[in-house]
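# would you be able to build a 3D model of this:
(chains A, B, C, D, E and F)
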There are 4 protein chains.
Amino acid sequence: MERDATGMTVGPEAIRAARTSWRRRQIVDAATRLMGEQGYHDMSVSALAREAGISVGTVYQYLDNKESILLAVLEDVLDTYAAEVPAAMVGLVDPVERLAAGFLAYLDVVDGRRAAAVLAYRESHSLSREALQRVIALEVATTGLLVAELRAGSATGALRAHDAELVGWNLTMLAHMWALKHRHLGAYRDVGVYGRAQLSTVLCGLLADAARERYGSFLEPTGALPAQAARRGGGSP
Amino acid sequence: MERDATGMTVGPEAIRAARTSWRRRQIVDAATRLMGEQGYHDMSVSALAREAGISVGTVYQYLDNKESILLAVLEDVLDTYAAEVPAAMVGLVDPVERLAAGFLAYLDVVDGRRAAAVLAYRESHSLSREALQRVIALEVATTGLLVAELRAGSATGALRAHDAELVGWNLTMLAHMWALKHRHLGAYRDVGVYGRAQLSTVLCGLLADAARERYGSFLEPTGALPAQAARRGGGSP
Amino acid sequence: MERDATGMTVGPEAIRAARTSWRRRQIVDAATRLMGEQGYHDMSVSALAREAGISVGTVYQYLDNKESILLAVLEDVLDTYAAEVPAAMVGLVDPVERLAAGFLAYLDVVDGRRAAAVLAYRESHSLSREALQRVIALEVATTGLLVAELRAGSATGALRAHDAELVGWNLTMLAHMWALKHRHLGAYRDVGVYGRAQLSTVLCGLLADAARERYGSFLEPTGALPAQAARRGGGSP
Amino acid sequence: MERDATGMTVGPEAIRAARTSWRRRQIVDAATRLMGEQGYHDMSVSALAREAGISVGTVYQYLDNKESILLAVLEDVLDTYAAEVPAAMVGLVDPVERLAAGFLAYLDVVDGRRAAAVLAYRESHSLSREALQRVIALEVATTGLLVAELRAGSATGALRAHDAELVGWNLTMLAHMWALKHRHLGAYRDVGVYGRAQLSTVLCGLLADAARERYGSFLEPTGALPAQAARRGGGSP
DNA sequence: GATGAATGAGTTTTCATTCAT
DNA sequence: GATGAATGAAAACTCATTCAT
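Below is the predicted model of the structure:
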């Protein structure tokens, strides 16, 4: 493989790879926009091409068929969750703090791409069995990150015995809810407030009595979050 | 208006009305089935007619167009919520008990018609502006029943000061979640357990210290529910 | 056949015949109205039934199919021509006067039922071959009445040698034109004026020099018509 | 804009424009044929596509909907009138000669496209309000050309005072009549004879006494036309 | 690689006609 | 005789996908 002075891979394959990912991004971004507005079925491939500024033929050069456009869009959001949630936990060691930071990062991604977050609920059923499995696997993986912290918290004694998987899905659901019910919740609320309120709801029944004081700030829905957790989670101003 | 020996209204208009509602039920039931499996867009009207055992023309005799089939299906579920939730509260006076009974009844309907419950999330965006408003209004109305009890609970001092509207939507969301995440939750869990667990999660942060003992049973996720609340809520075994 | 005191036929067959003609009139009148507005194809049989104040089934009891409704409507107008044109000539002996009276009567019918007159041009092609033959035969018959007078006029020497058939169709066409081009002609003109103007146009080239003086009034487009001819022809004020 | 050796515009836009007009012509020609036989409503778009030798999709690539196919067909004939009538007058200065030449050219177009000429009468009512306005405007424009000559003839004193607009419509109607009544007129007559006969009918009442001699040839229905007027007008042999 | 014209299967919807009541 | 609910064939129109340029 050839490399240029700065260490970047060059040569025909590198050019091709770069073009491919650039094209896919063009397409996925345009598709996310259109599908958010009109839905998967009402987005025609030619409208997508127009929105992306390319031709129909080019769309089909980079994606096999309409369904794989949908898959690419959904994977794109789910990949963002899978990247941002662990990124927010880096540097934190306490399971409860990691959990809080992960949840707030999740919520932050949802808030930044609300329309895309809704798509996973609205359009997944249009995927083939295999594609659906991939989407589910991604969702399970991200929720799994939260579940792991819930289990770790139990192990350290900070959290009471609980159904970690159920609680993990609760956290995921509450993050998604910000997008799903934004019509009802978003008018007079702010993501930050929303996130803290939901976190306190979930942690309330979870924290062991002995740990309540230590994590008291999480139980105070309207209170300020400890610096660490807020760092990543407080996305939109 | 003529009436027969049993007091039933008879005569041409009564026959027509009865036929109309029977036909609409046939159609709505078939549509709920097909849309649950294939989605709104992938359900063709002729497939619907076949499933309902009638002709395409007959479908259009009772519903104006495909969109109004969707609306009828969604209203059908939402109407069930709006009927069952208050029905479950009848006879109860304590706000917390009414809230619990309402939530469990809501969950019970969701459990009984999981596919239909998901449709509201998946297909609402295919409705026209006006139809969407009707659907939203119905959803708001049912959630409003829970919000009212949350406010009443605050007034009696049983519940702490809280964002009643947000908590109301949380309860709604957690009921819907049983359908939305059933793939993940339903395999090894039972609605009854699920309902009590979620109720305890929500009530934990809400109950005033003074009321904790009184409603202790609600805070015990796996514990038995007090007779009253369980009576209505414990639908599917 | 039974007859009542006034000599009217009675009995079941008479009742049936009377009902049949009454029903057909209801239907033809409604159809003429609707077809005039919407055209034959855009008039649905159920809309026709509604307009006529009867049920679809009843329409089919009196007319075999949609095409025969069209035929009935067209025959209705053409029959009116065939009745009114000779009626206007009754009592007149002079061929030129008879011709003038016939033309003006024709025009008068057209004026009274403009929409129906247009239907013959617009919708005839939707008739079956046989039905079309009947319509054509009726039109030929009426024009033939004018052609006969043209020939008679030649025989008496009042009219010059001419292509009587062509002139007959010209007169027919000019009568129809009042309906066909009414948008352009009707705004600032009156049927009476129109009729006299067209008659003078046609007669000008026809009258033998010796007869010009005698029928001078017909050549004066804006002049008054001789009493006889005006009697019938001056329909709309 | 690029041009090839022969000065033809080339490049993608030129190709596209050429293809578009070629396709539209294919479609309009096929539609004129089918609509002439079956009428607008009974011509299905798929039958049209078959007749044109293309696919349904291609029809819709070049024309928005079925109505615009009809409009294209009607505009096509009306545009021919609007082009041929003035073309026939070029080089003539005398209003009466120009009028005669214009009328005969009009008739010539009608004769060349009889079925299409009838369509304007049969199918106009299927147009939308706006499309109808366009069709009417075109018809008025062509008749206006004749009306202008009628007025010019009055100004020079060749024609008597008359209702120029009415006479203009008469000429238009008589040209159309060749198509509308062809069943009755066409069997034993020839367009040339028909045209001269009708022209003489119209001019008879119109020519001022002083001009009768000069334009005597126009008044002789069966006589030869003066060279100029015959040149253009004598279309079909 | 990129384009976009062409395709035709598939969708929603209408409506003439029938026939049990 | 009168009704109008039921039927299903047929129509207009869309759009994912291909492929010659």
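
# report the buried residues of stretch A:185-199.
Under the neighbour-count criterion of 16 or more other Cβ atoms under 10 Å in any protein chain shown, stretch A:185-199 has A:185, A:189, A:191, A:192, A:194, A:195, A:196, A:197, A:198, A:199 buried. C-beta: built from backbone N, CA, C; applies to glycine.

# wait, the last one sits on residue A:104?
When you say that, I think you mean residue A:199. Yes. Between residue A:199 and residue A:104 a contact is recorded at 7.3 Å, counting by Cβ atoms under 8 Å.

# quick one on the thing from earlier: same for chain C: which of the buried residues of stretch A:185-199 are within range?
The residues of these that also fall near chain C, by Cβ under 8 Å from any Cβ of the partner chain, amount to none at all.

# may I see the residues you listed organised as JSON lines, with pLDDT and distance to residue A:210 added?
Converted to JSON lines, the buried residues of stretch A:185-199 look like this (pLDDT from 0 to 100; distance: Cβ to Cβ, whole Å):
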{"residue": "A:185", "pLDDT": "94", "distance to residue A:210": "33"}
{"residue": "A:189", "pLDDT": "90", "distance to residue A:210": "32"}
{"residue": "A:191", "pLDDT": "95", "distance to residue A:210": "31"}
{"residue": "A:192", "pLDDT": "93", "distance to residue A:210": "28"}
{"residue": "A:194", "pLDDT": "95", "distance to residue A:210": "29"}
{"residue": "A:195", "pLDDT": "95", "distance to residue A:210": "25"}
{"residue": "A:196", "pLDDT": "92", "distance to residue A:210": "22"}
{"residue": "A:197", "pLDDT": "91", "distance to residue A:210": "24"}
{"residue": "A:198", "pLDDT": "93", "distance to residue A:210": "24"}
{"residue": "A:199", "pLDDT": "92", "distance to residue A:210": "19"}
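
# list the ones among those that fall in helices.
The helices in this structure, assigned by DSSP state H, contain A:185, A:191, A:192, A:194, A:195, A:196, A:197, A:198, A:199 from the buried residues of stretch A:185-199.

# now residue A:116: how far from residue B:126?
When distances are taken as Cβ to Cβ, to the nearest Å, residue A:116 and residue B:126 turn out to be 18 Å apart.

# neighbour count for those two, which is higher?
residue A:116 (23 against 20; other Cβ atoms under 10 Å in any protein chain shown).

# name the helix or strand for that one, please.
Counting by DSSP states H and E, the secondary-structure element that holds residue A:116 is helix A:114-123.

# looking at it, residue A:207 is touching residue A:160, isn't it?
Yes. A contact is recorded between residue A:207 and residue A:160 when judged using Cβ under 8 Å, the distance being 7.2 Å.

# so between those two, which is more surrounded?
Between residue A:207 and residue A:160, counted using other Cβ under 10 Å, the more crowded position is residue A:207 (22 against 14).

# now do the buried residues in the helix or strand harbouring residue A:183.
Mapping residue A:183 onto the secondary structure by DSSP H and E places it in helix A:182-185. Of the residues in helix A:182-185, those scored as buried under the neighbour-count criterion (16+ other Cβ under 10 Å) are A:182, A:184, A:185.

# and for the residue in chain A that chain D sits nearest to, nearest residue in space, chain neighbours not counted?
Among all residues of chain A, residue A:46 sits closest to chain D, at 11.4 Å; criterion: Cβ to the nearest Cβ. Ranked by Cβ to Cβ, 6 or more residues apart in numbering or on different chains and with sequence neighbours excluded, the top spatial neighbour of residue A:46 is residue A:56, at 5.3 Å.

# likewise residue A:62?
Spatially, and ignoring its direct neighbours in sequence, residue A:62 is nearest to residue A:23 (4.7 Å; Cβ to Cβ, 6+ apart).

# I'd say that neighbour and residue A:60 touch.
No. At 11.3 Å, residue A:23 does not count as touching residue A:60 under the criterion of Cβ under 8 Å.

# tell me which residues in stretch A:144-151 are buried?
A:145, A:146, A:147, A:148, A:149, A:150.

# among those residues, which are in helices?
Checking these against DSSP H, those in helices are A:145, A:146, A:147, A:148, A:149, A:150.

# what's the spacing between the first one and residue A:202?
From residue A:145 over to residue A:202 the distance is 15 Å, taken as Cβ to Cβ.

# now for the helix holding residue A:183, which elements pack on it?
Contact partners of helix A:182-185 among helices and strands, from 3 or more Cβ pairs under 8 Å, 6 or more residues apart in numbering or on different chains; DSSP states H and E: helix B:129-156, helix B:164-180.

# among these, which is the most enclosed?
Neighbour counts (mean count of other Cβ atoms under 10 Å in any protein chain shown) averaged over each of the helices and strands packed on helix A:182-185 peak at helix B:164-180, with a mean of 23.
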